[in-house]
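A.B. asks: Pasting the sequence and the predicted coordinates here, then a few questions.
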Amino acid sequence: MTSDKQFNFTVQSISALTSPDKGIVVFKDIKEKGLSLYITANGIIIFFVRKRVKGRDERILIGQFPDIKIEQARKRAAALKGLVASNIDPKVEERKES
């Protein structure tokens, strides 16, 4: 079960999040549309973008907080949205780069 909440992602606001008893809780950034994060019952926080890619609903992972800084996540989210808008599957592009 997930729940969607929106707020401005800051180090303080993300650090104050509490882990759910089970499952994940999803939060959305109000500064960069499309950037979200989820926190797991184990306290792991992951940034991601959720978009429709070639007709499929995709969760494109960006990275784990605090390893990925908030501004890095916002820039990556904008770049991923640009790829999707250009009809490019970011997961395919990522595989080409590795």
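C.D. replies: Arrived safely, thanks for sending.
A.B. asks: buried ones in stretch 16-27?
C.D. replies: Buried positions in stretch 16-27, judged by neighbour count with 16 or more other Cβ atoms under 10 Å: 17, 20, 24-25, 27. C-beta coordinates here come from the backbone N, C-alpha and C atoms, glycine included.
A.B. asks: Sorry, slip of the keys, the one I care about is stretch 54-71.
C.D. replies: Applying a neighbour-count criterion of 16+ other Cβ under 10 Å, one finds 58, 60, 62, 65, 68, 70 buried in stretch 54-71.
A.B. asks: Would you mind measuring from the closest residue to the last one other than its chain neighbours to Ala85?
C.D. replies: I take that to be Ile70. Nearest residue to Ile70 in three dimensions, chain neighbours excluded: Phe9, at 5.0 Å (Cβ to Cβ, 6 or more residues apart in numbering). Taken as Cβ to Cβ, to the nearest Å, the spacing of Phe9 relative to Ala85 amounts to 22 Å.
A.B. asks: neighbour count winner among the two?
C.D. replies: Phe9 (23 against 9; other Cβ atoms under 10 Å).
A.B. asks: show me the residues around that one that make contact.
C.D. replies: Phe9 makes contact with 27, 29, 31-32, 35, 37, 70, 73-74, according to Cβ atoms under 8 Å, 6 or more residues apart in numbering.
A.B. asks: what about 10 Å?
C.D. replies: Contacts here follow Cβ atoms under 10 Å, 6 or more residues apart in numbering; on that basis Phe9 touches 27-32, 35-37, 47, 65, 70-71, 73-74.
A.B. asks: Of those, which belong to helices?
C.D. replies: 70-71, 73-74 (DSSP state H).
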